[in-house]
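> Next comes the sequence, and after it the predicted model I'd like to discuss.
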Amino acid sequence: MSVNPIDAYRDVEKETLSGRALEASVLTKAAQRLKAVRECWGQPDQDALLEDVLRYNQRIWSLFQAELTSVDNELPAEIKTNLLNLSLFVDKRTFEVMAYPAPEKLDVLININLNIAAGLRGE
């Protein structure tokens, strides 16, 4: 068990969250990390932080892509298609930000993550 109470809470949270709640939590965390990088734009460690958070977000969306294309995925075809198209947009924007970094380009990634997370939570 973790000594730090926050780490202990996170360990319990990981074990108790349902699939959708966990997905919402991960998307929200990525959005928060993207916001933090946007807010500290221009700091000496900006490039490393930006690369780290973009790769984190990209891994999340890659997992969604794999899940959406799985034969076992029971979502309706239209929803899968829409989410796959959205994931392709996220990929494109991610590569664009990597190639030509600008803080305002993070806004759309933040908004997508937060909106999908809200939908997963049923908000």
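Good, I have the coordinates.

> Which residue ranges of the chain form helices?
Remark: helices assigned in the chain by DSSP state H are 5-16, 19-39, 46-68, 77-99, 106-121.

> What is the burial count for L114?
The local packing of L114 (other Cβ atoms under 10 Å) involves 18 other residues. For the C-beta atoms, the positions are set from N, CA and C on the backbone; glycine is no exception.

> about what we covered before: as TSV, the helices of the chain with mean pLDDT would be great.
Output for the helices of the chain, formatted as TSV (pLDDT from 0 to 100):
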stretch	mean pLDDT
helix 5-16	51
helix 19-39	94
helix 46-68	95
helix 77-99	95
helix 106-121	96
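
> how about L54, what does it touch?
L54 sits next to 94, 97-98 when contact means Cβ atoms under 8 Å, 6 or more residues apart in numbering.

> For those, which PyMOL command selects only the ones that are buried?
Buried members of those, defined by 16 or more other Cβ atoms under 10 Å, are picked up in PyMOL with:
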select buried, resi 94+97
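
> of all the contacts of L54, which comes closest to Q46?
For the contacts of L54, the residue nearest Q46 by Cβ to Cβ is V97; the value is 12.1 Å.

> Skip the chain neighbours and tell me the closest residue to the closest one.
Nearest in space to V97, with sequence neighbours left out and distances taken as Cβ to Cβ, 6 or more residues apart in numbering, is K105 at 4.7 Å.

> next one: W41
In space, W41 is closest to P103, 4.3 Å off (Cβ to Cβ, 6+ apart).

> Report how many residues lie close to that neighbour.
Other residues within reach of P103 by the criterion other Cβ under 10 Å amount to 16.

> What of K80?
Neighbours around K80, by other Cβ under 10 Å: 16.

> Give me the distance between it and C40.
Computed as Cβ to Cβ, to the nearest Å, the K80 to C40 distance reads 36 Å.

> L83 too?
31 Å.

> Phi, psi for N73 please.
Main-chain torsions, N73, degrees, to the nearest 10: phi -70, psi 130.

> residues in contact with A30?
53, 56-57, 60, 113.

> How far away from the center of its chain is stretch 98-106?
How far stretch 98-106 lies from its chain's middle: 16 Å, per Cα atoms, centre = their mean, to the nearest Å.
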